[in-house]
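> attaching a predicted model along with its sequence, questions to come.
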Amino acid sequence: MSTFVRKLLWALLVPLGIALIAVLSGDEGIIGAGLLLMFVVPAYVVVGVILLIVKHEEIGKALLLSAGIMLLVGLSTCGLILASM
């Protein structure tokens, strides 16, 4: 496994794992997971862009890709769950 994939998985699976555990805890957990992802994704984007500017390209790309995947998977899932409540 390449170092890029390893960094991508760490940056992606840690917040999504915490959000999944929060979702399993009930209604308040769903809202908490949504809030967690809403704060983590913009932070990943800002830090990823800063890292790209200062020439730490591998981790910067991993953070930006992680932010996109979290937007696609995490926020859409929490949004569907909240819409059905």
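Now that the structure is in, tell me what you want to look at.
> what are the buried residues along the host helix or strand of Val14?
Assessed by DSSP states H and E, Val14 sits inside helix 3-23. Residues of helix 3-23 classed as buried: Lys7, Leu8, Ala11, Leu12, Pro15, Leu16, Ala19, Ala22, Val23 (neighbour count, 16 or more other Cβ atoms under 10 Å). Bear in mind the C-beta positions are built from the backbone N, C-alpha and C, glycine included.
> again, but for stretch 54-64
When burial is assessed from 16+ other Cβ under 10 Å, stretch 54-64 yields the following buried residues: Ile59, Gly60, Lys61, Ala62, Leu63, Leu64.
> dihedrals phi and psi, the closest residue in space to Phe4 that isn't next to it in sequence?
In space, and not counting its chain neighbours, Phe4 is closest to Glu58: 5.6 Å by Cβ to Cβ, 6 or more residues apart in numbering. For Glu58, the backbone dihedrals are phi -70, psi -50 (criterion: degrees, to the nearest 10).
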